[in-house]
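A.B. asks: Coordinates for the following, if possible.
(one chain, ligands or ions: 1)
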Amino acid sequence: MVEHGRKTSGKKDSPSELPSRVTVGGHQLDVLLVERVDRENSEGAMSTQKGYILLKDDLGARSWHVFLHEVLHAIDEVYNDAKLSERSVEHISQGLYQVARDLGWIR
Ligand SMILES: [Zn+2]
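C.D. replies: Now for the predicted structure:
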């Protein structure tokens, strides 16, 4: 089942809503929550050609981290010739998540 990224949340302490769509260098990417991302059971995936970011629908508090990870893959592909290693993408997205949380951009 495919759901849109936007989830209704009324509570103050609940996680910030994920955007339903993000644009990276002219590529519009729909953010879709899915039961299964791929055969390897990844938590997320993205395709600038197909225009989506897929996130597992049961990530809970990890969903923003995985979202930023996939956004960084898209930025790397569009602006950096996909030169970042998987390890670098993971570490930088962890750093982005920490800074964004501390600034109160996301909860
Ligand atoms: Zn990755």
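
A.B. asks: Where does the prediction get shaky in the chain?
C.D. replies: By pLDDT under 70, the weakly predicted segments of the chain are 1-2, 5-15.

A.B. asks: for it, what spans make up the helices?
C.D. replies: 63-79, 86-102 (DSSP state H).

A.B. asks: Which strands or helices does the last one pack on?
C.D. replies: Pointing back at helix 86-102 there. helix 63-79 (3 or more CB pairs under 8 Å, 6 or more residues apart in numbering; DSSP states H and E). For the C-beta atoms, the positions are set from N, CA and C on the backbone; glycine is no exception.

A.B. asks: which of the residues in the helix it packs on are buried?
C.D. replies: Buried residues in helix 63-79, counted by 16 or more other CB atoms under 10 Å: 63-74, 76-77.

A.B. asks: Dump the helices of the chain to CSV, plus distance to R21.
C.D. replies: Output for the helices of the chain, formatted as CSV (distance: least, CB to CB, whole Å):
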stretch, distance to R21
helix 63-79, 12
helix 86-102, 18
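
A.B. asks: From what I see, R107 and S16 are in contact.
C.D. replies: Yes. Contact between R107 and S16 holds when scored by CB atoms under 8 Å: they sit 5.1 Å apart.

A.B. asks: For H27, which residues count as its bridge partners?
C.D. replies: Beta-bridge partners recorded for H27 (DSSP bridges): V24.

A.B. asks: quick one: the residue positioned nearest the centre of the chain from S16, how far?
C.D. replies: The centroid of the chain falls nearest to F67 when counting by CA atoms, centre = their mean (1.4 Å). Counting by CB to CB, to the nearest Å, the gap from F67 to S16 is 10 Å.
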